[in-house]
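The following comprises the amino acid sequence and a computationally predicted model.
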Amino acid sequence: MENAECSNDSDSKASFVLSNLPEVVEKILSFLPTKMLLRSTCVCRLWRESARRILKTQQSMAWVTASELGAGEGHALVRDLARELEMVHVLPQTVLYVADLETFCGQEDTRERKKARRNSSAETAAALERLLPRGCQVVGVVAPGIVATPTASPNVRPLEVEEGEAGFALLFPNMDGVQIRTFCISNRSCSNKSLDKNKLAEAGLINNPDLKAVIVLGYGTWKAGFSRLLQDVLQPLNEKIIIIAGGFVEKLTSFNFQRNCLQDSYGVTGLAFSGAQVQGASVILCQDVMDVKTAEAAMQQLKAAGIPEKNTIGFMFACVGRGQQYYGNKMNVEADAFRKTFPTVPLFGFFGNGEIGCDRIVTGSFSLRECSSRLKDELIHYYTTITVLIHLGSTKEDYH
């Protein structure tokens, strides 16, 4: 009887604490993954207000990486994202995912299978998007190979996956002082074969004094008209002192605010980073970078830019002609050189059929760019690797 009374007394005290002491409630709720935290808002007003305060502090990017040798049901990125979203401490507002072409879209190349391939990639993309919060901005592409830091930690070795099932998803929350916008400018955005400048303005690519970095991904690059469209997008960007980097992907699979970008078109998609605290730097690894020593020297050039490494993300856009074969059958040379120089910065990217970028530095107090009289010579390359740092500023202290 006494034990029952003690138990009831303890329960009533716990109930009082969880209903009346916001500091205690907030501390306890801060240990919950974001999905569980959102569910807790239904308990009572105190929990709802505590959860909202916690969500405002979760301003660090998260990511999910998948790489598997054996095939399972559905793509590995979809399976891993479904599992990891139950555990992350971030509410994604913008997502960029890149997956391998072979398994995401199917392997068949025959004419009879083309429709099945389109359906396969559309179904896989839809399954992935359904995992994300409603209203989340999503850009998804596929490429011949993937570069990604495994999910566990930025201190883990990034991998160059040139064959097999692989992919990554970058999960960006709302961040104070940083705006990340998706854009998609396709041939369907053009009238009479000329680009409507309003499309660039809507994407925040022009008339935006806070623009600091743009990730540019070209798709349908083999189609007539693509080169002209790419030039029309890059020309006004190149007139600014901003970081411009990216490459040519095989296919656009997700852009959830403009479905006509996906229908037998070509164009340019990507992310635009704006904000006073955004900084960046990029470096080109040209054909004279051909061994471990020269790759590491190129990364030291990037290091010399002095970009803060906390809350910074690395991108690597490499030609399919580089990688293991290019370096005399040595694996992971460029990703390892990056990690040796930036051991706490996660690295993501892909192998493609063309690279976009240049040697450039953009910080709050200093800017440097290598200029050329011809846009094609300066920004569009082949048989190179573009390596980039984008710093997203300082973030609020985590609760835990």
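Structure's in. What do you need?

So for stretch 202-214, mean pLDDT?
Average pLDDT, stretch 202-214: 91.

Residues touching it, excluding its own?
For stretch 202-214, contacts defined as CB atoms under 8 Å, 6 or more residues apart in numbering pick out 179, 181, 183, 185, 197, 200-201, 233, 236-237, 240, 242-246, 270-276, 278-280, 362, 388, 390. For every residue, glycine as well, the C-beta is placed using N, CA and C.

just stretch 60-74 next, same as before
Identification of contacts with stretch 60-74 by CB under 8 Å, 6+ apart yields 75-77, 79-81, 84-85, 88-90, 92, 103, 124, 127, 146, 148-151, 159, 161, 164-173, 311, 313, 346, 348, 392, 395, 398.

List the ones among these that fall in strands.
With DSSP state E as the criterion, strands contain 146, 148, 159, 161, 165-172, 313, 348 from among the contacts of stretch 60-74.

Can you add distance to Ile54 and neighbour count and give these back as JSON lines?
Shown next, in JSON lines, are the ones in strands among the contacts of stretch 60-74 (distance: CB to CB, whole Å; neighbours: other CB atoms under 10 Å):
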{"residue": "Ile146", "distance to Ile54": "33", "neighbour count": "27"}
{"residue": "Ala148", "distance to Ile54": "28", "neighbour count": "27"}
{"residue": "Leu159", "distance to Ile54": "33", "neighbour count": "19"}
{"residue": "Val161", "distance to Ile54": "35", "neighbour count": "23"}
{"residue": "Glu165", "distance to Ile54": "35", "neighbour count": "21"}
{"residue": "Ala166", "distance to Ile54": "33", "neighbour count": "29"}
{"residue": "Gly167", "distance to Ile54": "29", "neighbour count": "29"}
{"residue": "Phe168", "distance to Ile54": "26", "neighbour count": "27"}
{"residue": "Ala169", "distance to Ile54": "23", "neighbour count": "29"}
{"residue": "Leu170", "distance to Ile54": "22", "neighbour count": "23"}
{"residue": "Leu171", "distance to Ile54": "17", "neighbour count": "24"}
{"residue": "Phe172", "distance to Ile54": "18", "neighbour count": "24"}
{"residue": "Ile313", "distance to Ile54": "23", "neighbour count": "21"}
{"residue": "Phe348", "distance to Ile54": "27", "neighbour count": "22"}
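
sorry, back to before: just the buried ones out of the contacts of stretch 202-214, please.
Buried members of those, scored by 16 or more other CB atoms under 10 Å, are 179, 181, 183, 185, 200, 233, 237, 240, 242-246, 270-275, 278-280, 362, 388, 390.

Counting only strands, which of the residues you listed make the cut?
Per DSSP E, the buried ones among the contacts of stretch 202-214 map to strands at 179, 181, 183, 185, 243-246, 270-274, 279-280, 362, 388, 390.

quick one: contacts for the residue lying closest to Lys340 once chain neighbours are set aside?
Nearest non-adjacent residue to Lys340, counting by CB to CB, 6 or more residues apart in numbering: Glu296, 6.3 Å away. Contacts of Glu296 were listed using CB under 8 Å, 6+ apart, and they are 337, 340-341.

Just the buried ones from the residues you listed?
337, 341.

And the contacts of Glu296, which is closest to Cys44?
Thr341 (49.5 Å; CB to CB).

ok so, going back, which one in the ones in strands among the contacts of stretch 60-74 is the model shakiest on?
pLDDT across those is lowest for Glu165, at 90.

dump the residue contacts of that one.
66-69, 71, 75-76, 100, 102-103.

Neighbours of Arg79, how many?
Counted with other CB atoms under 10 Å, the neighbours of Arg79 add up to 15.

What separation do you get for it and Val64?
Using CB to CB, to the nearest Å, Arg79 is found at 10 Å from Val64.

got it, and Val78?
Going from Val78 to Val64 by CB to CB gives 10 Å.

now do Ile241
33 Å.

With neighbour numbers in mind, choose between those two.
Higher neighbour count among Ile241 and Val64: Val64, with 24 against 13, using other CB under 10 Å.

As a check, name the ranges of all strands in the stretch 201-350 of the chain.
All strands of the stretch 201-350 of the chain, identified by DSSP state E, counting those that start in this stretch, fall at 211-219, 243-248, 251-255, 267-274, 279-285, 312-319, 347-352.

How far off centre is the first one?
Averaged C-alpha coordinates place strand 211-219 at 11 Å from its chain's average position (CA atoms, centre = their mean, to the nearest Å).

Direction included, what does that strand pair against?
Using DSSP bridges, strand 211-219 pairs in its sheet with strand 243-248 (parallel), strand 267-274 (antiparallel).

Now do that strand and strand 312-319, the angle between them.
30 degrees (axes from the mean of the first three to the mean of the last three CA atoms, to 10 degrees).

Look up which helix or strand the residue nearest to Ser254 when sequence neighbours are not counted falls in, please.
Excluding the flanking residues, the one nearest Ser254 by CB to CB, 6+ apart is Gly140, at 3.1 Å. Assigned by DSSP states H and E, Gly140 belongs to strand 137-143.

So for that strand, mean pLDDT?
Per-residue pLDDT over strand 137-143 has a mean of 94.

what comes into contact with that strand?
With CB under 8 Å, 6+ apart as the test, strand 137-143 has contacts from 93-101, 104-105, 121, 125, 128-129, 132, 181-182, 184, 217, 219, 247, 249-257, 269-271, 350-352.

Narrow those to just the buried residues.
Here, 16+ other CB under 10 Å leaves 93-101, 104-105, 121, 125, 128-129, 132, 181-182, 184, 217, 219, 247, 249-256, 269-271, 350-352 buried among these.

which residues in the stretch 301-400 of the chain form helices?
333-341, 375-379 (DSSP state H, counting those that start in this stretch).
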